[in-house]
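# Sequence plus the predicted model coming up.
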Amino acid sequence: MQFDLSAGKFDVAMLTTALQPLDPDAKITLDIASGRLDLVSVASQEQILDALKKVGCQAEPAVHELHVSGGSTCCGGCS
């Protein structure tokens, strides 16, 4: 799943702390420049949005998913 984060200072450590209780095995990739969060998790979209909101991070589901290295949209075709 991918989410667009609102403007702000967010880092992977803060997001990991917020999301880890939902899924300790979640894989999180954050593109700070674009504010794009890529998340591979068993948690639902609603659970993720709620957890992000609790730490002051406004997010919405990405309309168009982008390739983020190591994320869920990776097809394995990069060389």
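Everything's here; your move. Numbers count the residues shown, from 1 in each chain.
# which parts of the lengthiest helix in the chain are buried?
Longest helix of the chain, by residue count under DSSP state H: helix 45-54. Under the neighbour-count criterion of 16 or more other CB atoms under 10 Å, helix 45-54 has 48-49, 51-52 buried. To be clear about C-beta, it is placed using only N, CA and C from the backbone, and glycine gets the same treatment.
# For it, which helices and strands make contact with it?
Counting by 3 or more CB pairs under 8 Å, 6 or more residues apart in numbering; DSSP states H and E, the packing neighbours recorded for helix 45-54 are strand 2-5, helix 12-19, strand 59-61.
# if we go to 10 Å?
strand 2-5, helix 12-19, strand 36-40, strand 59-61 (3 or more CB pairs under 10 Å, 6 or more residues apart in numbering; DSSP states H and E).
# before we move on, back to that, if we take the buried residues of helix 45-54, which one ends up nearest to residue 10?
Using CB to CB, residue 52 comes nearest to residue 10 of the buried residues of helix 45-54, at 8.9 Å.
# Excluding residues flanking it in the chain, which one is nearest that closest one?
Computed as CB to CB, 6 or more residues apart in numbering, the closest residue to residue 52 that is not its neighbour in sequence is residue 59, at 4.7 Å.
# isn't that neighbour right next to residue 49, touching?
Yes: taking CB atoms under 10 Å as the definition, residue 59 is a contact partner of residue 49 at 6.0 Å.
# Identify the contacts common to those two.
Shared contacts of residue 59 and residue 49 (CB atoms under 10 Å, 6 or more residues apart in numbering): residue 3.
# Below-threshold pLDDT in this structure: ranges please.
7, 65-79 (pLDDT under 70).
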